[in-house]
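Participant: Structure for the following, please:
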Amino acid sequence: MNRATPRLRALAALPFVLALAVHLLLFARWRDELPAELATHFSAGGEADGWTGPTAYVLVSTALLLGLAAGWTALVRRRYLWAAWATAGFAGGLLVQLLRANRVDDPFVTVGFSPGMDLGIALVVAVVAGAAGWALSSLVPAEAEPSVPGEDPDGGPRLPLAAGEAVGWSKDTGSRALTVLSVLALAAAPVPLLVATWPGALLGLLGLVVGVPGLALARVRVTVDRHGLTVRSALVPRPRVRVPLDGVEGASVREIDAVADFGGWGYRVRAHRTGVVLRSGEALVVRRGSGREFAVTVPDARTAAALLNALVERHGKV
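Facilitator: Numbering: from 1, shown residues only. The predicted structure is shown next:
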């Protein structure tokens, strides 16, 4: 299975640790020059219109960097190490620019933020950090090409089935990350829905739109039997995807990268393939009669593929 190595995880976390250290060091050094309330929100023109106390500011900014670090450390792949460094560079650069903007000697001078200059500096830092991450990716061994032992020349494993033998295979699989994100979205949805203003209600509806289908697909049951392949939510009867035996040309096992191959997690649609992708790694891939592929990430995918191929072969002889 394609998993991040400890070295890769450490390299992904490193830029966020550096950004946090620099930010806290500058905060401590400039503490006497900062106002009692830090300007942390600005209008489109760069004028301050929101303020935060120093303690809350440090807690929020630290949580932001640590949260980004946790996400990248859990999901990073060697080819995306540069993006983790670029993210840390942009977030850290923006926080440093925010501190710099709050350094005013005269209490009667209004704190201002230059969107063009300050965002531009943060982007430059992101580019430099991304280049450093790209260079450091050479320290991580290249990911081996996936291989599946036991594949036959016809394109997939097979299980021997006796004539008339009834057999089936079923397994649950899920994504903790998708479950947590969906629960958080649903938990946060009622709060803005109680606000009478339109933006608040819109955010609440967005939480429902993200949380409901996300939670439904956070855990699925994958079944292979005489009906074909069925993938359905483990929590509710729908949504459900079914590929009947008549529509299956063959099945195989493949190592997939959720981001690189499908652009993310959940039910994914691409040019010539669809899939239920809950993680990177081992997946059951079904070749359909239309020429499209359907993939589902599930443990013990080889057994499922072998059984599905055997059932398709026996179905064709009936």
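Participant: What residue spans form the domains of the protein?
Facilitator: As given by automatic domain parsing, the domain ranges for the chain are 6-139, 145-169+219-318, 176-217.
Participant: want to throw the ones you listed into CSV with mean pLDDT?
Facilitator: Shown next, in CSV, are the domains of the chain (pLDDT from 0 to 100):
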stretch, mean pLDDT
domain 6-139, 84
domain 145-169+219-318, 82
domain 176-217, 64
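Participant: Mean neighbour count for these - can I get that in a markdown table?
Facilitator: (C-beta placed from N, C-alpha, C; glycine too.) A markdown table is the format used below for the domains of the chain (neighbours: other C-beta atoms under 10 Å):
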| stretch | mean neighbour count |
| --- | --- |
| domain 6-139 | 17 |
| domain 145-169+219-318 | 17 |
| domain 176-217 | 15 |
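Participant: For the stretch 101-250 of the chain, just list every one of the strands.
Facilitator: With strands called from DSSP state E, counting those that start in this stretch, the stretch 101-250 of the chain shows them at 169-174, 219-225, 228-233, 240-244, 248-256.
Participant: and those as a markdown table, adding distance to residue 85?
Facilitator: A markdown table is the format used below for those (distance: least, C-beta to C-beta, whole Å):
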| stretch | distance to residue 85 |
| --- | --- |
| strand 169-174 | 30 |
| strand 219-225 | 33 |
| strand 228-233 | 36 |
| strand 240-244 | 37 |
| strand 248-256 | 25 |
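Participant: Can you check which of those gets nearest to residue 94?
Facilitator: Of all those, strand 248-256 sits nearest to residue 94, with 33.7 Å by C-beta to C-beta.
Participant: Could you look up the next helix or strand downstream of that closest one?
Facilitator: helix 258-262 (DSSP states H and E).
Participant: What is that next one packed up against?
Facilitator: strand 273-277 (3 or more C-beta pairs under 8 Å, 6 or more residues apart in numbering; DSSP states H and E).
Participant: The strand it packs on - which strands sit beside it in the sheet, and in what orientation?
Facilitator: Partner strands and pairing direction for strand 273-277 (DSSP bridges) are strand 266-269 (antiparallel), strand 293-297 (parallel).
Participant: on that earlier part again, how about the strands of the stretch 101-250 of the chain, which one is nearest residue 277?
Facilitator: strand 248-256 (7.1 Å).
Participant: With only the CA atoms kept, save the closest one in CSV.
Facilitator: Extracted in CSV, the C-alpha atoms of strand 248-256 (Å, rounded to 0.1, in the frame of the first residue of the first chain):
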residue,chain,number,x,y,z
VAL,A,248,-18.5,-6.3,-16.1
GLU,A,249,-15.7,-7.1,-18.5
GLY,A,250,-13.1,-7.9,-15.8
ALA,A,251,-11.8,-6.8,-12.4
SER,A,252,-8.3,-6.2,-11.1
VAL,A,253,-6.5,-4.7,-8.2
ARG,A,254,-4.6,-1.4,-8.4
GLU,A,255,-2.8,1.0,-6.0
ILE,A,256,-4.3,4.4,-6.4
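Participant: Is residue 167 in contact with residue 307, as I believe?
Facilitator: Yes - the criterion here is C-beta atoms under 8 Å, and residue 167 meets it with residue 307 at 6.7 Å.
Participant: what sits in contact with each of these two?
Facilitator: Residues touching both residue 167 and residue 307 by C-beta atoms under 8 Å, 6 or more residues apart in numbering: residue 159.
Participant: Figure out which of the strands of the stretch 101-250 of the chain is closest to residue 78.
Facilitator: So among those, strand 248-256 is nearest, using C-beta to C-beta, at 13.8 Å.
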